[in-house]
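Asker: show me the folded form of this:
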Amino acid sequence: MTRISSFAITLFAVFSFSLSAQSITVTKPAANESWTKGESHTIQWTKQGEMPTQVRIVLRKKESAEATLVIADQAPNSGFYQWLVPASVPDGEYVIRVRVKTAEISDESAGFSIVSSSAGLQPAYKAVRPGSLKGQPIAYSIKVVNPAAGDSYQQLDTINIRVQANTGPADGTGDGFDLDLYNEAGTAMMADILSGAMTQTAPGVYVHAWKMPLIDSVPDGRYTIRARSWSQKITGFSAPFWIRTPGAEEKISIEAVIANNWIFKKEPSGPKPTEHVADERPGEARIGWYYSGTSSIYSHSYLGIIYRAQMQFPMDYLKPRLARLKKATLTLRQTQFGVRKNVGVRPWTIGKLLILKQSWNDFFDTPSIFFKDVPINAPTEWSCDATGLVRDWLGGAKPNHGLLVTAESEGWLRDIFCYAVSFYKGKLDLTFFEPLN
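Answerer: Model prediction:
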């Protein structure tokens, strides 16, 4: 008769509960909202429980069970998705479904409508003269309506360029354009923006989001954007608008706030070891392990201690500066080796840096995801790029619960008297472009 351990039963029960607790609720679009084609809208959902990291987002007609459009097949399960509603979607009533990839967890939004924009120039013929069966030729025109007069942007901003043009075919299909940044007078080109198709949001209405890079040849001043139609070879300009250059770099350092923890195992008997003990050092992370005992093929007796630490970096006050973030560097500096034996010449006991997904409340089981490995040959002061992580923290894509810093080995070391304990400090160095007042 096969015996099932109480641990296995408990594990199964916990696993079953976690599955049943998983859910997604789509909160936007809300009931009876109206989304305009050619505009960007945010699809939002809340989630409960641990689940896969990707979702599939589809649009369907309210009265149909079939998907009208796959909005995203592998979107991050972050709780939101920015969607530019394409012009090709027919006007009507719709719902949006968000489904977790590789799992039967999903939800649908309330019914909402997608409508066409009323703005723009409609390709058309002029009025027919009395007694004539022929219309006069189209008076082709093109105009950049955004940026508007007096608008102000800084380099690194996204400029949403909007063009009205009746240069395309009469059925409203698209045209190709050259978009260029010109000086205020429109006499000298300063930068190439686009050469190709813009996104058509309605007949005669075209948009393009330009993430402006840093351009040394574009100082503070007034500029205009020129649009040129490929089909009709005519041009139009925006009204003059301001472009500002970011100021000097601003550097901010954030020292890690440390919370130490350790776990002690003693099987089957034996005193608490003393060799591993190192004085507490406020503001420093204690990382390492201690093992002492004997082992054989069939039995072993040992006692062991593992140290881990949480490094938090308070930075909520920096959220308004996210658009100006240039670079973030994480630095770990080893301040002391507490004890060491039988670990060779390796100076580090850190092995992994994990991103905590929630507040650290359990030594082993707090959910986390991998971030970085510290290489074996790391120097006493080791740094890595953390720009993407800081962007996620400041922008809300990942909650900022800090990093979990762990030893290289968390298993029981099967040698006699093997131990290594070290202390570390951590900091983040952030570089921003200083905004102009």
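Asker: in the stretch 1-150 of the chain, where is pLDDT below threshold?
Answerer: Residue ranges of the stretch 1-150 of the chain with pLDDT under 70: 1-20, 40, 117-138.
Asker: swap in 80 and give it another go.
Answerer: 1-21, 38-42, 80, 82, 87, 101-103, 116-140, 150 (pLDDT under 80).
Asker: again with the stretch 251-400 of the chain
Answerer: Flagging of the stretch 251-400 of the chain using pLDDT under 80 yields the residue ranges 261-282, 288-307, 323-324, 336-351, 360-366, 376-377.
Asker: mind redoing it with 90?
Answerer: Under the criterion pLDDT under 90, the flagged ranges of the stretch 251-400 of the chain are 251, 258-310, 317-327, 334-352, 354, 357-370, 373-380, 395.
Asker: helices of that one, residue ranges please.
Answerer: Here the stretch 251-400 of the chain has its helices, by DSSP state H, counting those that start in this stretch, at 387-395.
Asker: now the strands for it?
Answerer: 257-267, 285-295, 300-312, 325-341, 350-356, 368-373, 381-385 (DSSP state E, counting those that start in this stretch).
Asker: before we move on, what about the stretch 101-250 of the chain?
Answerer: Using DSSP E, counting those that start in this stretch, strands in the stretch 101-250 of the chain cover 106-108, 112-115, 142-146, 152-154, 158-165, 176-183, 189-197, 199-202, 205-211, 221-229, 235-237, 241-244, 249-255.
Asker: need these in TSV (columns: distance to L69).
Answerer: Where you see a C-beta, it was placed from the backbone N, CA and C, and this is true even at glycine. What follows is the strands of the stretch 101-250 of the chain, written out as TSV (distance: least, Cβ to Cβ, whole Å):
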stretch	distance to L69
strand 106-108	14
strand 112-115	10
strand 142-146	26
strand 152-154	32
strand 158-165	23
strand 176-183	24
strand 189-197	19
strand 199-202	15
strand 205-211	19
strand 221-229	29
strand 235-237	32
strand 241-244	35
strand 249-255	43
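Asker: so which of those strands gets nearest A72?
Answerer: Among the strands of the stretch 101-250 of the chain, the nearest to A72 by Cβ to Cβ is strand 106-108 (13.9 Å).
Asker: show me how far the closest one is from its chain's centre.
Answerer: On the basis of Cα atoms, centre = their mean, to the nearest Å, strand 106-108 sits 22 Å off its chain's mean C-alpha point.
Asker: what helices or strands is it leaning on?
Answerer: strand 23-28, strand 92-100 (3 or more Cβ pairs under 8 Å, 6 or more residues apart in numbering; DSSP states H and E).
Asker: tell me the strands beside the last one, with direction?
Answerer: Here strand 92-100 is paired, per DSSP bridges, with strand 54-61 (antiparallel), strand 106-108 (antiparallel), strand 112-115 (antiparallel).
Asker: pick the most deeply packed of the ones you listed.
Answerer: Compared across those, strand 54-61 shows the largest average neighbour count, a mean of 19 (mean count of other Cβ atoms under 10 Å).
Asker: which residues touch it?
Answerer: By Cβ atoms under 8 Å, 6 or more residues apart in numbering, the surrounding residues in contact with strand 54-61 are 24, 43, 66-77, 81, 83, 89, 92-101.
Asker: quick check: ChimeraX command selecting the buried ones in these.
Answerer: Buried residues among the contacts of strand 54-61 (16 or more other Cβ atoms under 10 Å), as a ChimeraX selection:
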select :24,43,68,71,75,77,81,83,94,95,96,97,98,99,100
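Asker: before we move on, the earlier item: and T387, which of the strands paired with strand 92-100 is closest to it?
Answerer: strand 54-61 (22.6 Å).
Asker: give the next helix or strand downstream of that closest one.
Answerer: strand 67-76 (DSSP states H and E).
Asker: who does that following strand pair up with?
Answerer: strand 54-61 (antiparallel).
Asker: quick one on the thing from earlier: is it possible to export the helices and strands packed on strand 106-108 to JSON lines including distance to A148?
Answerer: Formatted as JSON lines, the helices and strands packed on strand 106-108 follow (distance: least, Cβ to Cβ, whole Å):
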{"stretch": "strand 23-28", "distance to A148": "28"}
{"stretch": "strand 92-100", "distance to A148": "31"}
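Asker: between those, which gets nearest to A323?
Answerer: Nearest of the helices and strands packed on strand 106-108 to A323, taken as Cβ to Cβ: strand 23-28 at 23.1 Å.
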